[in-house]
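1. For reference, the sequence and a predicted model appear below.
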Amino acid sequence: MVASKAQQAFTAERRAKAIRLKIDGASYTEIAEQLGYSSRGSACSDVRRALEKHVIEEGLAVEAWRELELARLDLLQKAIWPEATEGNPRAIETALKILDRRAKLLGLDSAIKLEVLTIDALDAQIQRLEAELGARALAASDSEAGETEAAEDASG
C-alpha cells in the first residue's frame, strides 16, 4: 500500500528531525520519546532507513555515516572556535583534535606511496624481462623441434 503524500511528508520530516537529533548526540531512546516512535528500535530503524535511502540515492556506501560524523565535528568546532581563535590554549588543543579527526575521516592524512625508479632499476627490469622472453622462445623452439622430429619419424 502506497502512503499518501501527507504521510510521506510526515515521515520525511520526522526522519529529518531524527537524524538531526542523532547528529546532536541523542540516543535512540530519546529520539523515540521526542518524536513519538513506538520504541527505541523503531527510531533506530527509521534513522537507518533514512541514511540508507541517502546512500542509495547518492550512490555512496559509507558516506552517510561519514557525513553524520562530519556534521557532529562541525557542531563541536563551531562551539569551540571562538575561544580557540581568541588564544585559549585548551580550546586550541580541542580544536586541533577536531581538525585532526576530520582529516582522518576525509582521508587527508593517508600516506602517499611514491615509487622512485632509477635508470639502474629500469635496466635491471628490462634485462630480467629479456631473459624471460629468451627462455620462453628457447622452450618454444625446443617444442617445435620435438614435434618436427616426431612427425618425420611417423612418416619415415
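-> Cool, the structure landed.

2. Helices of this protein, start to end?
-> 5-23, 28-35, 40-58, 63-85, 89-106, 119-155 (DSSP state H).

3. So which bits of stretch 18-31 are buried?
-> By 16 or more other Cβ atoms under 10 Å, the buried positions in stretch 18-31 come out as A18, I19, L21, K22, I23, A26, Y28, I31. (C-beta placed from N, C-alpha, C; glycine too.)

4. residues contacting the closest residue to the third one other than its chain neighbours?
-> With Cβ to Cβ, 6 or more residues apart in numbering as the criterion, L21 has its nearest non-adjacent residue at 4.9 Å, and that residue is I31. Shown here is I31, whose contacts under the criterion Cβ atoms under 8 Å, 6 or more residues apart in numbering are A18, L21, K22, Y37, A43, V47.

5. what about 6 Å?
-> Taking Cβ atoms under 6 Å, 6 or more residues apart in numbering, we find I31 in contact with A18, L21, A43.

6. Run through the chain and note the low-pLDDT ranges.
-> Applying pLDDT under 70 to the chain flags residues 1, 54-62, 111-117, 144-156.

7. domains for it, by residue range?
-> When the chain is parsed with automatic domain parsing, its domains come out as 8-59, 62-133.

8. Name the stretch among the ones you listed that sits most buried.
-> With neighbours defined as mean count of other Cβ atoms under 10 Å, the domains of the chain peak in mean count at domain 8-59, which reaches a mean of 15.
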